[in-house]
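**Q** need a structure here:
(one chain, ligands or ions: 1)
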Amino acid sequence: MELIKVNPAHKKYIALIELNRPKELNALNLQLMQELKEALRQLDEDETVRVIIITGNERAFAAGADIKQMAGKTAIDMLNIDQFSTWDQIRKTKKPLIAAVSGFALGGGCELAMTCDMIVASETAKFGQPEIKIGVMPGAGGTQRLTRAIGKARAMEMVLTGDFIDGHEAQRLGLVNRVVPVEMYLHEAESLAAKIAAMSPVAAKLAKESVNRAFETHLDEGLNFERKNFYLTFASEDQTEGMNAFIEKRKAEFKGR
Ligand code: CO8
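**A** Okay, the predicted model is just below:
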């Protein structure tokens, strides 16, 4: 891996992926996205990992797709490159993904953060969909996920003006889970990850899948999907352990089976 750093054992059960093109503000070129896809595939299969944090650096989470790489492309080049199949794979990661965002999260960078399940932001974070300023529009889910996260009026304003919002505003609007001073954002993401990593990884996967279903289906179908995943948790040793631990008034030790 050249453009990202991956540590599968950053903390107990927690993997850390750092986007690592600092000079280019972590602009998401095709190679970086391929590396990210491959890293997530490996971490999803790694039994020692329960939660994955994706971060950048203090100045930038990611300032968007690599404009220099895209500038000369035609529509048919873009179609043939088919970069969104990479994004589709990333979206299929089964383990919980937390974006730890400081600085710029723009265009594809904002979309990558929104592809994660939760976002922890620093006060200095800047979220935006500025594609309109370079004559295009969001392409990796921005018009859909931002609208679902913060509502039509504000999403429309951000997408049509390209204006940024800071970490506090993003939290007020429901885009991010937590906002903390810049020196704390990774630590805060780790605390959130540790809390989730202490739960049954089987239940976490099924619960993540079910919450995501809420965006993709009608209530009736979503409730049926949830019910099936709920029943499935009863096939796990973690369910027996979790319920017995409660009854025996001790802390549960989940094994992911
Ligand atoms: N692509 C390529 N290079 C970039 C990008 C980018 N998105 N953003 C910054 N850089 C480079 C700059 O060109 C500069 O390089 P150099 O030193 O060689 O000139 C370096 O990073 C530092 O940037 P600046 O000097 O511009 O730093 P400033 O602090 O002055 O400004 C900004 C920071 C405001 C973030 C500014 O760099 C900027 O506006 N960047 C572009 C933001 C943008 O428009 N993002 C959207 C891109 S389009 C997009 O994301 C489409 C998504 C849909 C497809 C997703 C597929 C991945």
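
**Q** end to end, how far does stretch 148-165 reach?
**A** 16 Å (C-alpha to C-alpha, to the nearest Å).

**Q** what about E221, neighbour count?
**A** E221: 11 surrounding residues under other C-beta atoms under 10 Å. Placement of C-beta: from N, CA and C, glycine included.

**Q** And it, how close does it get to F230?
**A** 15 Å (C-beta to C-beta, to the nearest Å).

**Q** now L219
**A** Distance from L219 to F230, by C-beta to C-beta: 16 Å.

**Q** Which one of these two is surrounded by more residues?
**A** Shown here are L219 and F230; by other C-beta under 10 Å, F230 has more neighbours (13 against 8).

**Q** ok, and that one, which helix or strand is that part of?
**A** helix 219-233 (DSSP states H and E).

**Q** average model confidence for that helix?
**A** Mean pLDDT, helix 219-233: 94.

**Q** so what secondary structure elements neighbour whichever helix or strand comes after it?
**A** Note on helix 219-233: by DSSP H and E, the next helix or strand toward the C-terminus is helix 237-247. Secondary-structure packing of helix 237-247 (3 or more C-beta pairs under 8 Å, 6 or more residues apart in numbering; DSSP states H and E): helix 201-213.

**Q** Please repeat the previous calculation with a cut-off of 10 Å.
**A** helix 201-213, helix 219-233 (3 or more C-beta pairs under 10 Å, 6 or more residues apart in numbering; DSSP states H and E).

**Q** The ligand is nearest to which of these?
**A** helix 201-213 (20.1 Å; C-beta to the nearest ligand atom).
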